[in-house]
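> Quick one: sequence plus predicted model below, questions after.
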Amino acid sequence: MTPQSEDFSAWYNEAVFKAELVDRGPVRGTMVIRPYGYRIWELLQAEIDRRIKDTGHDNAYFPLLIPQSYLQREAEHVEGFSPELAVVTHAGGKELQEPLVVRPTSETVVGEMMAKWISSHRDLPMLLNQWANVVRWEMRPRMFLRTTEFLWQEGHTAHAGEADAMRETLLALGMYAEVAREVAAMPVVDGEKTPGERFPGAKRTYTVEGMMRDGRALQSGTSHYMGTNFARAFNIQYTAQGGELEYCHTTSWGMSARMLGGVIMTHGDDKGLILPPRLAPYQVVIVPIGRGDQAEQMLPPARELAGRLRRAGIRTHVDDRPQLSPGFKFNDWELRGAPVRLELGPRDLAEGSALMSIRLGEGKSPVSLHSAPVRVESELDALQSLLLRRATDFRDSRTATASSWPEFAEAVESGWALAFHCGQPGCEDGIKAETSATPRCIPAEGAAAEGTCVRCGRKSAYGKRLIFGRAY
RNA sequence: CGGGGUGUAGCGCAGCUUGGCAGCGCGCUUCGUUCGGGACGAAGAGGCCGCCGGGUCAAAUCCGGCCACCCCGACCA
């Protein structure tokens, strides 16, 4: 397994399967998330959900099946999603009068319901979120990154005006950036998408982009300002204070289980996964030394230690599988990305200590049993920030400002290019055709600057350099 | 949809060119010895060789057709 080589996707697949995160589903492009993988998702979910609720949104649930006509009400939306829809044509033993699509996203049903629920400015803003699975018949599936069916969270909000809706759009974006950086230790860049990369039906689309260890970009969360496009298509109107009937300004935003793929591709190494402590199902794994009877004897003290760690708020697991050798377990938990391992054998026990090994690091060091919770906690914190710093350094080392076409082509070969662009769709297509790179975003933090398009030399259109890269 | 590849035990594969008892490694079961970095020995269980057809005394192997999956591109969170 070598994350650096061109076998990166082979490395990725091997890592994901060996760590027992997923299995292939029976339907093309689907994935089964196994318990260990699902625990990671639950931790991520909890972090996102807490932030959503803290900002005043309520969770709701909308139907899986959507009348096909709903999709058709918004012209760009239907055009964008048509090729990848799964359509139900038969139900109840007969052909349906109107086919139903399995939701690829829920703007349309949510819009339909919002139109019923909103009548006055007093009903606004309406801040909804749902946790759901959606289906998109993509051409080339990849575990977590692009599966036919995937789990996500989709926020849908309606507001009285553009300013409110834009504030909401950026609030969601900021939430995603925070989750990515602080929880997943992924140093994402946030910014706006170019018109060519916009969500079908949106007026403005924002994104957080992460860089994987092969230099490719991964869109890790997205937030859209719809203007009144969907409000007009679904008649989401309210009576304003002055008595006039107005269209709402709506937003939608989502973050998906794709993030797990991002975590693996951001931090993983030749030994397998490295989970940031905040997403690790088991932050500490205690391996009793020995097998059979000898390991049995280590279990009571191992469990006692686990109990004290858990009481300190540390997710702890005792690997009590009796038939496996310690060496096997060491390798197994390295593969599965456990941040900290504690080895507990007769020798350690006699000395009142355990042998600690950090997933990202060399060697092992003894830790006294009584100070273990404190020591482990600080090691977890250190690892969490080390992962973010390491990924940030990596990203920066693979990001180059390109002022000429050869520089640009070279930069996107192994990472990202910062470059001016003319904003012409044809030129954007040209870049993609010639280098397979696309504009990832107009970075929010980039300094304002003027220049000429890196490919065609025309005047730049966005007032700053864009980030270009190859995307997953 | 275009290009490449693969279907043989739960997983990974060999065997196919040149037809002749369906094999290997891992895993699984039982017993014993082991046990501080992927343990070892012995004995077992496990098969519609992707599917359909052709031809042959005889097909995993040759011929024809079909299907599925994987990888590379175009699509995308």
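Received, thanks.

> Tell me where the model's unsure across the stretch 151-300 of chain A.
A:291-292 (pLDDT under 70).

> Which positions in it make contact with RNA strand B?
Contact residues (Cβ under 7 Å from any atom of the strand) of the stretch 151-300 of chain A with RNA strand B: A:152, A:199, A:207, A:218-222, A:254, A:256-258, A:289-295. Every residue, glycine included, has its C-beta placed from N, CA and C.

> Count the residues that sit near residue A:69.
Using other Cβ atoms under 10 Å, residue A:69 has 12 other residues around it.

> ok, the host helix or strand of it near RNA strand B or not?
Using DSSP states H and E, residue A:69 sits in helix A:68-72. No - Helix A:68-72 does not reach RNA strand B (Cβ under 7 Å from any atom of the strand); its nearest approach is 14.9 Å.

> isn't residue A:451 right up against residue A:418?
No - between residue A:451 and residue A:418 no contact is recorded; they are 10.7 Å apart, counting by Cβ atoms under 8 Å.

> where do the contact lists of those two overlap?
With contacts taken as Cβ atoms under 8 Å, 6 or more residues apart in numbering, the residues that reach both residue A:451 and residue A:418 are residue A:465.

> These two: which is more packed in?
With neighbours defined as other Cβ under 10 Å, residue A:451 and residue A:418 compare such that residue A:418 has more, 19 against 15.

> doesn't residue A:464 make contact with the more buried one?
No - applying Cβ under 8 Å as the test, residue A:418 and residue A:464 come out as separate, 9.1 Å apart.

> what touches both of those two?
Taking Cβ under 8 Å, 6+ apart as the contact rule, residue A:418 and residue A:464 both touch residue A:446.

> Show me which helix runs longest in chain A.
helix A:372-397 (DSSP state H).

> anything in that one near RNA strand B?
No - judged by Cβ under 7 Å from any atom of the strand, helix A:372-397 stays clear of RNA strand B, getting no closer than 13.7 Å.

> partner strands of whichever helix or strand comes after that helix, parallel or antiparallel?
Using DSSP H and E, the next helix or strand after helix A:372-397 towards the C-terminus is strand A:399-401. Here strand A:399-401 has these sheet partners by DSSP bridges: strand A:416-419 (parallel).

> which of the residues in the strand it pairs with are buried?
Within strand A:416-419, the residues that qualify as buried are A:416-419, counting by 16 or more other Cβ atoms under 10 Å.

> So what touches stretch A:113-126?
With contacts defined as Cβ under 8 Å, 6+ apart, stretch A:113-126 is touched by A:62, A:128, A:156-160, A:164, A:168, A:234-241, A:248, A:250.

> what about it, distance to the chain center?
Centroid separation for stretch A:113-126 versus its chain: 30 Å, with Cα atoms, centre = their mean, to the nearest Å.

> do stretch A:28-35 as well
17 Å.

> can you check stretch A:357-372 too?
Offset of stretch A:357-372 from its chain centre (Cα atoms, centre = their mean): 30 Å.

> Residues in contact with that stretch: which ones?
A:269, A:274-275, A:305, A:308-309, A:330, A:334, A:337-343, A:348, A:351-356, A:375-376, A:379, A:383, A:386-387, A:390.

> mind running it again at 7 Å?
A:274, A:305, A:309, A:334, A:337-341, A:352-356, A:375, A:379, A:383, A:386 (Cβ atoms under 7 Å, 6 or more residues apart in numbering).

> Buried only: go through those residues for me.
A:274, A:305, A:309, A:334, A:337-341, A:353-356, A:375, A:379, A:383, A:386.

> per-residue confidence averaged over stretch A:439-450?
The pLDDT scores in stretch A:439-450 average 93.

> And stretch A:397-410, by the same measure?
94.

> now swap in stretch A:317-337 and tell me
The model assigns stretch A:317-337 a mean pLDDT of 93.

> Same question for stretch A:36-43.
On average, stretch A:36-43 scores 96.

> and the helix or strand where residue A:153 lies, which strands flank it?
For residue A:153, the enclosing helix or strand under DSSP H and E is strand A:149-159. If you go by DSSP bridges, strand A:149-159 pairs up with strand A:126-135 (antiparallel), strand A:249-256 (antiparallel).

> With respect to burial, which of those strands scores highest?
Highest mean neighbour count among those (mean count of other Cβ atoms under 10 Å): strand A:249-256, with a mean of 27.
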